[in-house]
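# Let me see the structure of the following:
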Amino acid sequence: VLKAISRGAENLDHELVKTLVPVVKVLLNEQRKIFDIKDRNKKLTGLDLGRRSPILEVEEMFSGISSILNAMHKRPMPDEFHVQDFNKIWQNGTKEEQLKLKNAVFDLLEHWGFVGLMNNKNEYLKRR
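Numbering: from 1, shown residues only. Model (predicted):
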């Protein structure tokens, strides 16, 4: 789908792009893991292709704050995201975006690190 969008952009086929962008949005929200698969050449994942899309709306879906926050909030384990995208928003984003990233990092630490550790220590803590 991402390659078809790129070809549509190259060929100025606006109808094709307009039709496929919502498909990518649904797939990204519902089946994000499929974008972790590498292409036939084994070089780029769907996430990489999306980040390099000539269509700004698609690029933002894969590298913008929503994409990063969705990946970080995924449980039980966070999804992959590019650290460069996180850093770009952290350094150049609005205060609101930076606060969202900060909260997501601490939420991830709490859920992924501390909750698991504390659950294993509940009996010990009850005895004290």
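
# Doesn't residue 28 lie inside a helix?
Yes. Residue 28 sits within a helix when classified using DSSP: H, G, I helix; E, B strand; the rest coil.

# Please report the distance of it from residue 58.
9 Å (CB to CB, to the nearest Å). In short, each C-beta sits where N, CA and C put it, glycine included.

# Between those two, which is the more surrounded one?
In terms of neighbours (other CB atoms under 10 Å), residue 58 is the more surrounded of residue 28 and residue 58; the figures are 25 against 20.

# Convert stretch 98-108 to CSV, retaining C-alpha atoms only.
Provided in CSV are the C-alpha atoms of stretch 98-108 (Å, rounded to 0.1, in the frame of the first residue of the first chain):
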residue,chain,number,x,y,z
GLN,A,98,7.0,17.5,25.1
LEU,A,99,4.7,17.0,28.1
LYS,A,100,2.9,14.1,26.3
LEU,A,101,6.2,12.5,25.6
LYS,A,102,7.4,12.9,29.1
ASN,A,103,4.2,11.4,30.5
ALA,A,104,4.4,8.5,28.1
VAL,A,105,8.0,7.8,29.2
PHE,A,106,7.1,7.7,32.9
ASP,A,107,3.9,5.7,32.2
LEU,A,108,6.0,3.2,30.3
